[in-house]
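[1] Generate a structure from the sequence data that follows.
(chains A, B and C)
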Amino acid sequence: MKALIDENLCTGCGTCIDVCPVGAITLSEGKAKVSDECTLCGICVDSCEFGAISLPKVGTGELPRDYETYRGIWVYAEWRHGTIHRVSYELLSKARQLADKKHVPLASVLLGYRLNGLERDLFNYGADIVYVVDHPSLAYFTDEAYGNVLAYLAKEYRPEILLAGATSIGRSFIPRVAALLKTGLTADCTDLDINEEGLLVQTRPAFGGNIMASILCPYGRPQMATVRPRVMEACRLAETRSGVLERVSVPEELFKSRIEVLEETVCEGPSASIVEADVVISGGRGLGRKENFRMLEELARLVNGAVGASRGAVESGFADPSQQVGQTGRTVAPVLYMAVGISGAIQHVVGMQGSRIIVAVNKDPQAPIFNVCHYGVVADLFEFIPEFIKLVKGGC
Amino acid sequence: MHIVVCVKQVPETQNVKIDPTTNTLVRQGVASMMNPFDRFALEAALRIKDMDRDNVNITVITMGPPQAKEVLIDALSRGADDAVLLSDQAFAGADTWATSYTLASAIRKLGSVDLIICGKQAIDGDTAQVGPELATLLDLPYATYVSRIEFLEPRVLKITRQTDEGTAVWKVPLPALLTVLKDVGIPRVRSYRATLRARRYEVPIWGISDLRLSKESVGLKGSFTQVIKVFSPQRAKDRTFIEGSVSEQAARLYELLKKQGVPGL
Amino acid sequence: MDYFLTEEQRLLQEIAYEIVKERIRPVRAELDEKEEFPWAIMRDLAQSDLFGIWIPKEYGGLGMGILENCLVVEQLARGCIGIATTFAASGLGAYPIVLFGSDELKRKYLPPIARGEKLAAFALTEPGAGSDVSAIRTRAVRVGDEYILNGTKQWITNGGEADIYSVFAITDPSKGPRGASCFVVEKGDPGFFFGKKEKKLGIRTSATRELVFNDCRIPRSRLIGKEGLGFIIAMKTFDKSRPGIGALGVGLAQEALDISVEYARKRIQFGKPIISFQVIQHKIADMAMKIEAARALIYSAARYLDTKADAPDASKIAAMCKVFASDVAVQVALEAVQVLGGYGYMRDYPVEKLLRDSKILQIYEGTNEIQRNIIGQELNKEYGRIKESFIR
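    A predicted model of the protein is given here:
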């Protein structure tokens, strides 16, 4: 299976040859030829200005037997410490638009134990129905119990679309749900839409964010996607919006988890959860010494943010490995990402390029970090950061 | 104990870049390597083997084109005992479902397996889905984002996993599947003896007939998700350099960020 | 140049160089600066099987020879000769056991050294006995089933870090050099202590310490070979190890050349890369010639010594490898600093370290002066045996 070349349209210009990441395209008798090395990544399709390249179609063309019976959009409502995670509100707001476009109801699913009252805000952010499963076995997250229950509900109620946040929880158990339901799943979407056929168009970054891919799930139901936090706007529709609350009891055996949760710890302080924070202040080797990270910690504390680090800084012992942002560390997408004394290697950039505002502070104007930032500050960080901290202090 | 490590051959990310002037993708060479996270998965397995060399057997498995054999040879050179390559024209174009489905069939064919270890995700797709889907298809308990593996009993693990806000410690009975982070340990270097053995090792290649799978259930035909369009992301074109003295720079940045509603400012 | 190495020999080079690229180059400056012992890299080398290079297969090693050892240490030396010396010193410490140890000693000590679990060290030099080896004063006295050691060893590589020491001591002072013997002493043996870690010009990641024996009691079975064999053991060991010192020099010089050429191709002065100037071309040409000559000498000598176990000229050939290649290393490192100019003098670039490190190669394992003596004396002996006249 490989990319298809329409020889009538191919001009033999060779543009596709240069973009293929696996080197699978060559020119033969003036036409592009695709070898078996092709991984069907699709990069070449977009590069061809003559529309000569297409990808073969997935599946066997058969729709699921009961395809017509799937209806409505679901958003899995994730919670932490008794409050709904923001990504669920973001998703509900987006899903509301999609539901309106398709003229179908929007439901949210809440799994947990004694989560009374959390459904109210799910209605306020757009849900028409909230399904609640309340059970002691759901007090802690485990992939098995959560996955079993959500898959069971989806089999019973047959939503056409099922969405969840691409948090560590969502990315962990939603694939189980997809596998149990035998359907497709697209991870880490940054955009969702409905096409003219009514299918969910899921757009996500690939190749470390260097390209975007739009993906359909034509023959699987529900169409499933996890969506990155903070890329969609949460929009509260009303202070009190009414909806249908449905408490569902499910067979007891679904709660069985072979895994036992022994302990859960929450990191505190400015190094806590760079993934969750709205503001991440990251330091690199440019900080020079571990002690200099205190400056970043102070700034992070002032704005209720977290402190991240480049791999270089972690390897030099300036910061904890849990703070590392990048390919081998965490992927973050805060509202503000401030890269301080970080040169901006590609491995770092892939971990933070989804941030809404990127500020780079570096004394070297040639540093590659300035190619990805929105605001560049060429300055000595040891002068600039204390100056900036003064302003933040004054502003508070 | 039999451990299976799932690995993937990926292009080196540095080789896929956006040309800043034309805003199109440019490829530089076609070097490929073992997915970095899978090297940690292998290391995690090897550390378990280090504790009981004679009784732990590690099989590495990959699905890919014939040249994906290279990553298996690499894994054998670092101490894995056996390797299997899943390669068939029919496997091409598999999404995570079809990949998991194929891997699950192969692992069933391997017979008794006590532990499956995968990397947290592959750096080309970044989906992190194959581990959990594979575990589900094999009906195994699983834990993702594992940073530490310990044994409570011969057949019970105590694992530490990273969550978005901290850590969780789980008790996991075997057989099970884990997806691991780099915290499990620095991948080891090649060993002379193992490399010599790896070079002479005949990697079995399994296709659809070996796995008794139909053409319709694997690869593109067995997949659900269809890529319809690939495009270059919109880059921050409106980059602004903030000029002036340090105090002016700080003041300007502060105002700009405040205006854009950055929380906490 | 192709030296017609076997697949196995090329693989050894490949694996050693991979360790250099992935593990040694990224940390060598820091290890040097902090004078920190390279434990993490010793673990990598252990996992690579390379510690077993010349330990016989039946004791868990690879059972290889001088050439293979040279190939490995040459590659390691491209990364850092402080690390390569640490590695090589363990082999040197094990060699007396390999050559003359009883089966019991071999079974006990060689497998953990081959696996890299334990480091070994070679303890000959004393404060009063450097080039004049016959002046050693450390005494070993047999009392019942034990030997009691008293004395001090100086500048012992891997001292304090190694677990296993081959120690030379006098058992019969009346016999002069024929009265020396060699013993295995373990870290932790009663009466065995370590002095301070020495501060050195170069190879600062390697540990160099004083060993102090104060009524140190060891079982009689720790004697290697027989009483009185000490000097023979030492000389046979050096015949095997000295080509390796030459190989360290070749590796170091190769690194200096690699850096110099890369730099000269990038550095622009007077509007062009400095490699376009003849003066730089001549410098790198001389560097490259010397390196290749040294390498060719070492590889052929190593092959010869491996093939002919009791070569009569072994000491002369081994000494030639050591002297020639270590002199080349110092000359090439010195020239590399010159090619890089001011940058070469700065610690931001790796060549100043190469220069500092190179100097030890002319000093340790027998100074180059002593090596030249050996070569000269051997020549004198050889020609004394030849009846033919070359002067007509």
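[2] what residues go with each domain of the chain?
    By default, I'm working from chain A. Using automatic domain parsing, the domains assigned to chain A come out as A:4-54, A:67-255, A:279-395.
[3] sorry, should have said chain B
    According to automatic domain parsing, the ranges for chain B are B:2-217, B:235-265.
[4] Do you have the strands of the stretch 151-265 of chain B handy? List them.
    Per DSSP state E, counting those that start in this stretch, the stretch 151-265 of chain B carries strands over the ranges B:156-162, B:166-173, B:176-180, B:205-206, B:226-231, B:240-241.
[5] Among the domains of chain A, which comes closest to residue B:220?
    Judged by CB to CB, the one of those that comes nearest to residue B:220 is domain A:4-54, at 6.7 Å. Where you see a C-beta, it was placed from the backbone N, CA and C, and this is true even at glycine.
[6] Could you list the low-pLDDT ranges of chain C?
    For chain C, no stretch is flagged by pLDDT under 70.
[7] my bad, the stretch 151-265 of chain B
    B:234-237.
[8] Recalculate using a threshold of 90.
    Along the stretch 151-265 of chain B, segments meeting pLDDT under 90 span B:163-166, B:220, B:226-240, B:258-265.
[9] In it, which residue sits nearest chain C?
    residue B:192 (4.0 Å; CB to the nearest CB).
[10] What is the burial count for that residue?
    Number of residues near residue B:192 (other CB atoms under 10 Å in any protein chain shown) recorded here: 24.
[11] OK, contacts around it?
    By CB atoms under 8 Å, 6 or more residues apart in numbering or on different chains, the contact set of residue B:192 is C:11, C:12, C:15, C:48, C:49, C:50, C:62.
[12] if we go to 10 Å?
    Residue B:192 makes contacts with B:77, C:8, C:11-12, C:14-16, C:47-50, C:52-53, C:62, C:64, C:72, as judged by CB atoms under 10 Å, 6 or more residues apart in numbering or on different chains.
[13] swap in residue A:338?
    By CB under 10 Å, 6+ apart, residue A:338 lies in contact with A:279-283, A:296, A:299-300, A:303, A:305, A:308, A:355, A:357-361, A:373, A:375, A:377, A:385, A:388, B:253, B:257, B:262.
[14] Over to residue C:110?
    Residues near residue C:110 by CB under 10 Å, 6+ apart: C:52, C:55-56, C:58-61, C:94, C:97-98, C:101, C:118, C:120, C:164.
[15] Just checking, which helix or strand succeeds the helix or strand harbouring it along the chain?
    For residue C:110, the host element (DSSP states H and E) is helix C:103-114. Using DSSP H and E, the helix or strand that follows helix C:103-114 in sequence is strand C:120-123.
[16] quick revisit: just to be sure, which of the contacts of residue B:192 are found in helices?
    Counting by DSSP state H, those place B:77, C:8, C:11, C:12, C:14, C:15, C:16, C:47, C:72 in helices.
[17] Taking these, tell me the two that lie furthest apart.
    Farthest pair in the ones in helices among the contacts of residue B:192 (CB to CB) is C:8 and C:47. Separation: 18.2 Å.
[18] Which one's more surrounded, those two?
    Taking neighbours as other CB under 10 Å, residue C:8 and residue C:47 compare with residue C:47 leading, 22 against 13.
[19] Could you list the buried residues of stretch C:211-222?
    For stretch C:211-222, the neighbour count (16 or more other CB atoms under 10 Å in any protein chain shown) marks C:211, C:212, C:213, C:216, C:218, C:222 as buried.
[20] now that we're looking at the last one, which residues does it contact?
    To tie it back to what came earlier, the one meant is residue C:222. C:101-102, C:104-105, C:108-109, C:140, C:146-147, C:149, C:167, C:182-186, C:189.
[21] In helices, which of those fall?
    The helices, defined by DSSP H, take in C:104, C:105, C:108, C:109 from those.
[22] Turn these into a markdown table, including neighbour count.
    Shown next, in a markdown table, are the ones in helices among the contacts of residue C:222 (neighbours: other CB atoms under 10 Å in any protein chain shown):
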| residue | neighbour count |
| --- | --- |
| C:104 | 10 |
| C:105 | 19 |
| C:108 | 18 |
| C:109 | 25 |
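[23] Export the residues you listed to TSV and append columns for distance to chain A.
    Converted to TSV, these look like this (distance: CB to the nearest CB, whole Å):
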residue	distance to chain A
C:104	45
C:105	42
C:108	39
C:109	36
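[24] so what's residue B:162 up against?
    Shown in contact with residue B:162 (CB under 10 Å, 6+ apart): A:168, A:267, A:275, A:322, A:330, B:120, B:144-148, B:168, B:181, B:183.
[25] and stretch A:144-157, average pLDDT?
    Mean pLDDT, stretch A:144-157: 97.
[26] ok, and does it reach over to chain B?
    Yes: residues of stretch A:144-157 are located near chain B by CB under 10 Å from any CB of the partner chain, namely A:144, A:147, A:148, A:151.
[27] Closest one of those residues to residue A:5?
    residue A:151 (40.3 Å).
[28] how many other residues sit next to the residue lying closest to residue C:134 once chain neighbours are set aside?
    The shortest distance from residue C:134 to any non-neighbouring residue, by CB to CB, 6 or more residues apart in numbering or on different chains, is to residue C:177 (4.8 Å). Residues lying near residue C:177 (other CB under 10 Å) number 15.
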